[in-house]
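S.K.: Below are the sequence and a predicted model for it; my questions follow.
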Amino acid sequence: MRHEDGLKVASPEQMQIWMKQTMDWIGGIAAQNKFVSGTGLPFEYARVVRSNKVVTNGPFGEIKETIGGFIVVRADSVDEAVEFAKGCPVLQGEGNSMEVRKIAKNDGVH
Amino acid sequence: MEQQELIPHLFRSEYRKIVSVLCRHFGFDQMEIAEDITSDTFLTAAQTWALNGAPKNPVAWLYSVAKNKAKNYLQRNSVFENKIAPGIKEIAYEIDIDLSPQNINDSQLQMMFAICDPAIPPEAQIGLSLRILCGFGIQEIAEAFLTSKETINKRLFRAREKLRDEAIKIEFPHPSEINRRLETVLTTIYLMFSEGYYSVSQNQVLRKDVCFEAMRLCHMLVENSATNTPPVNALLSLMYFHASRFDARIGKDGELILYHEQDTGLWNADMISKGGYFLKYATTGDKISKYHLEAAIAYWNTHQVDTTEKWENILQLYNRLLQIEYSPVAALNRTYALSKANGKREAITEAEKLNLTDNQFYFALLGELYTDIDNTTAKQNFQQAISLAKTQADKQTLQRKIDRLISNQPQS
């Protein structure tokens, strides 16, 4: 989930609404027995470590590109995963996005 | 107490205590011996007391006779061993079968951990627990599981063999192991309770007994400081909340009365408050178990109100519960709560994603959700549910819903 730091743009009431929407969205996936794991990624205490070992305060990237969390689901195809992603409340914000990636199998390739 | 009630009553309360102590003494190698000696003790009681009347202290009599039978067995066995294995020194030892309250309690706890071992299948764990920890007869266990005596006997026989083969020790787990071992014990207790609560057996008294036994075993865990953990308290809490509605759930013809139709006057207030008590004790520590979530949901269900607050709370609890452990029942209940919190249309969309097409309750839920939105579809769903329903009572409940749909049809 890529979006701005919610705490900077929203009132507590708005955060509560987003919280409920997010929990309902995750619950909906879990109700289909497709939820594996997931977590939010708070914006505080973030750091970026670069190849020259320089450490700066994070998170990485442009404001709307920051990763705010991720969820692991069990989908039969990338299309099904995309359908799940479409339901994420984060997408209500213009410029926000959901990146969908496949998880590697432990088959020794990568 | 009447003479003829005395022995069955004592069987229920004392069989499990004696057999636990003897089982622990004999180990799984000779578990059947322990069970035989105990059964034999009660047989002797039945015969002797019929002739001479019951003794002044029946429990002490039972313990004394059981001890003697055990000693006799051990002595006969050691003589046999010595005769066929010459060169082994004759072992004359004072066998003390300790039937003190402390040892009885410890033995039962140890047996609980030994029986609730993943080496044997869950229904065998429940069956063996009912037999040894709860003193249920084979016929009673068969009735509770809606199967035959032969099936139960086979199941228990195989379970004992497996425990013997795996050399499972009858001992208290090491403190570092307790939480992990408790998981299996709690699952067994939970399944035992569910068996009694949801069983379609007609024997209401038996079903309640099974539930109460599950609660009693959980009590034993709570009363022991080593096993008095938050999930154990949460499980006990949720069982109390569910059990509080026993008398309201079944109608006079044995039919199931749905939650919102129940007479709350029949809800047991004492059990509800005990549920609250243990829920409070469960809210310590920093881990939430699925039992915590289920107990919290059960807590909300002790308030027969229809507020958004209640349903929003229940929805969020199910959202979390499903992340920890998926089950079709939880998915359906979550969707119902969602319909109450977010509205029926959203719930219909969510429900259709569940795709639990072999489950009568799935179609019953869809029927509920479509009621007053699209009664034709509602009726189709209820009919599909009826075709999958297993009991007469369930079919009747569903038919009543269809009848209500038809009678609510506007006359043109």
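M.R.: Here it is on my side, so go on.

S.K.: In which helix or strand does the residue of chain B found nearest chain A reside?
M.R.: Closest contact between chain B and chain A, by CB to the nearest CB, is at B:N319 (3.1 Å). For the C-beta atoms, the positions are set from N, CA and C on the backbone; glycine is no exception. Taking DSSP states H and E as the criterion, B:N319 maps to helix B:308-324.

S.K.: With just CA atoms, put whichever helix or strand comes after that helix into PDB.
M.R.: Following helix B:308-324 in sequence order, the next helix or strand is helix B:328-342 (DSSP H and E). The C-alpha trace of helix B:328-342 is given here as PDB (Å, rounded to 0.1, in the frame of the first residue of the first chain):
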ATOM      1  CA  PRO B 328     -16.800 -21.300   7.600                       C
ATOM      2  CA  VAL B 329     -18.900 -20.600  10.700                       C
ATOM      3  CA  ALA B 330     -16.900 -17.500  11.600                       C
ATOM      4  CA  ALA B 331     -17.100 -16.300   8.000                       C
ATOM      5  CA  LEU B 332     -20.900 -16.600   8.000                       C
ATOM      6  CA  ASN B 333     -21.300 -15.000  11.400                       C
ATOM      7  CA  ARG B 334     -19.000 -12.200  10.300                       C
ATOM      8  CA  THR B 335     -21.100 -11.500   7.300                       C
ATOM      9  CA  TYR B 336     -24.300 -11.400   9.400                       C
ATOM     10  CA  ALA B 337     -22.600  -8.900  11.700                       C
ATOM     11  CA  LEU B 338     -21.500  -6.900   8.700                       C
ATOM     12  CA  SER B 339     -25.100  -6.800   7.400                       C
ATOM     13  CA  LYS B 340     -26.100  -5.300  10.800                       C
ATOM     14  CA  ALA B 341     -23.300  -2.800  10.900                       C
ATOM     15  CA  ASN B 342     -22.800  -1.800   7.200                       C
END
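
S.K.: average pLDDT for the helix or strand following helix B:328-342?
M.R.: Sequence-wise, the next helix or strand downstream of helix B:328-342 (DSSP H and E) is helix B:344-354. In this model, helix B:344-354 has a mean pLDDT of 94.

S.K.: What of stretch A:21-40?
M.R.: The pLDDT scores in stretch A:21-40 average 92.

S.K.: got the contact list for whichever residue of chain A sits closest to chain B?
M.R.: Going by CB to the nearest CB, chain B is nearest to A:G27 of chain A, at 3.1 Å. Contacts for A:G27 (CB atoms under 8 Å, 6 or more residues apart in numbering or on different chains) come out as B:L315, B:Q316, B:Y318, B:N319, B:R320, B:L322, B:Q323, B:R334, B:L338.

S.K.: Tell me where chain A has strands.
M.R.: Counting by DSSP state E, the segments of chain A that form strands are A:35-40, A:47-49, A:55-57, A:69-73.

S.K.: What are the buried residues along the longest one?
M.R.: Neighbour-count burial for strand A:35-40, with 16 or more other CB atoms under 10 Å in any protein chain shown as criterion, is recorded at A:F35, A:G38.

S.K.: How about the last one?
M.R.: Using 16+ other CB under 10 Å as the test for burial, strand A:69-73 gives A:I71, A:V73.

S.K.: who touches B:C218 in this structure?
M.R.: Applying CB under 8 Å, 6+ apart, we find B:C218 in contact with B:I189, B:V232, B:L235, B:L236, B:M239.

S.K.: Nothing else from me, thank you.
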